[in-house]
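Colleague: Give me a 3D structure for the following:
(chains A and B)
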Amino acid sequence: MGKNKRTLLLPMDDGQSRTDKLHLPFPSEQMLDGLRMKNNSPVFDEMEALRYMERTDKQFKERMRNFVSSISK
Amino acid sequence: MSFSELDVEFGFESPDFERKFLQRKNFLIKVGEHTARILSDLIFDLHGEPNAVAFNFASQYLDTIVRRYIEKVARFRLDNDFDEDHRINFSKIAGLLAVAILEADPETLFRFSTRAQRSAYPKLAGPIFVYRLATVILQFSVDKIDPMAERDLIYCFFRYPDIKADVEWIIYSLRMLQIAYGEKE
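Modeller: You can find the predicted model right below:
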């Protein structure tokens, strides 16, 4: 039993020594001044977009037909 | 801030501005003409009225919209510390264009036949144009997008003059739709 207890305590002992290395200091309030909206998707390709427009012409028309029908009820 | 002050701050008289201006204007005209044709076909199919809608590519609002869009991009870049060579991406272009159009009077970008003019279509044309621009820029899988999400987004564009959401929220919403329904996501 005593041996088991010792085993259980060991990771905590290790954890104690890891705490100083892994835990970051609290961020200061001033760090929020650097929070910005950044790019989060690929770069826009206009020609590809126009090809997409031609390719999805019929589907879009059908969608808008359904949309107009849905608000006409 | 006046346009002349903006000219100095954002280089509106530079050759690069001229190139960007024409590029975006031509893009808007192409999507606008496409939207007008789709609305026209739709009105013919549903109501039997031929040639009911045309895109007014000569509208002076078009120049104002493109100029305001470029101004909004410049402000967004300044506010978010974008490097000079760092271009803004899909959802930001779509969001900033949407706001630039909706802040103007998008109805005036389209011409309607007399019968269509007295219907709901003139008020719907702007929001549908902006929605089509968003789908084209973000390349949604049109068949997969949830019809109610589509309807709500068009509603939000329709109500924009009253709601006036911050552009950051619009950009965020469009990015979420791109993740959910984009062909490439």
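
Colleague: which intervals of chain A have sub-threshold pLDDT?
Modeller: Along chain A, segments meeting pLDDT under 70 span A:1-20.

Colleague: And the helices in it?
Modeller: When secondary structure is read from DSSP state H, chain A shows helices at A:2-22, A:46-55, A:57-72.

Colleague: B:F21: what's it in contact with?
Modeller: B:V66, B:R67, B:I70 (Cβ atoms under 8 Å, 6 or more residues apart in numbering or on different chains). Where you see a C-beta, it was placed from the backbone N, CA and C, and this is true even at glycine.

Colleague: Spell out which parts of chain A neighbour chain B.
Modeller: Taking Cβ under 8 Å from any Cβ of the partner chain as the criterion, the neighbours of chain B within chain A are A:36-44, A:46, A:48-50, A:52-53, A:56-57, A:59-61, A:63-68, A:70-71.

Colleague: coming back round to it: show me the contacts of B:F21 that map onto helices.
Modeller: B:V66, B:R67, B:I70.

Colleague: mind listing what residue 37 touches?
Modeller: This is for chain A. By Cβ under 8 Å, 6+ apart, the contact set of A:M37 is B:F76, B:N80, B:K92, B:E168, B:I171.

Colleague: Let me rephrase: I mean chain B.
Modeller: Residues in contact with B:R37 (Cβ under 8 Å, 6+ apart) are B:V53.

Colleague: what's the following helix or strand after the helix or strand hosting it?
Modeller: Assessed by DSSP states H and E, B:R37 sits inside helix B:15-47. In the C-terminal direction, the helix or strand that comes right after helix B:15-47 (DSSP H and E) is strand B:53-55.

Colleague: how about stretch B:163-181 as CSV, C-alpha atoms only?
Modeller: Extracted C-alpha coordinates of stretch B:163-181, given in CSV (Å, rounded to 0.1, in the frame of the first residue of the first chain):
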residue,chain,number,x,y,z
ILE,B,163,-28.7,46.8,-39.0
LYS,B,164,-25.3,48.1,-40.1
ALA,B,165,-23.3,45.3,-38.7
ASP,B,166,-19.5,45.8,-38.1
VAL,B,167,-17.6,44.7,-41.1
GLU,B,168,-15.5,42.4,-38.9
TRP,B,169,-18.7,40.4,-38.1
ILE,B,170,-19.6,40.2,-41.7
ILE,B,171,-16.1,39.0,-42.6
TYR,B,172,-16.3,36.4,-39.8
SER,B,173,-19.7,35.2,-40.9
LEU,B,174,-18.6,34.8,-44.6
ARG,B,175,-15.5,33.0,-43.5
MET,B,176,-17.7,30.5,-41.5
LEU,B,177,-19.9,30.0,-44.5
GLN,B,178,-16.8,29.4,-46.6
ILE,B,179,-15.6,26.8,-44.2
ALA,B,180,-19.1,25.1,-44.1
TYR,B,181,-19.9,25.3,-47.8
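
Colleague: Mind listing what's buried along it?
Modeller: By neighbour count, with 16 or more other Cβ atoms under 10 Å in any protein chain shown as the criterion, the buried positions of stretch B:163-181 are B:A165, B:V167, B:I170, B:I171, B:Y172, B:S173, B:L174, B:R175, B:L177, B:Q178, B:Y181.

Colleague: For the ones in helices among the contacts of B:F21, give me a markdown table that also has neighbour count and distance to B:L22.
Modeller: Below are these laid out as a markdown table (neighbours: other Cβ atoms under 10 Å in any protein chain shown; distance: Cβ to Cβ, whole Å):
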| residue | neighbour count | distance to B:L22 |
| --- | --- | --- |
| B:V66 | 22 | 9 |
| B:R67 | 18 | 12 |
| B:I70 | 20 | 11 |
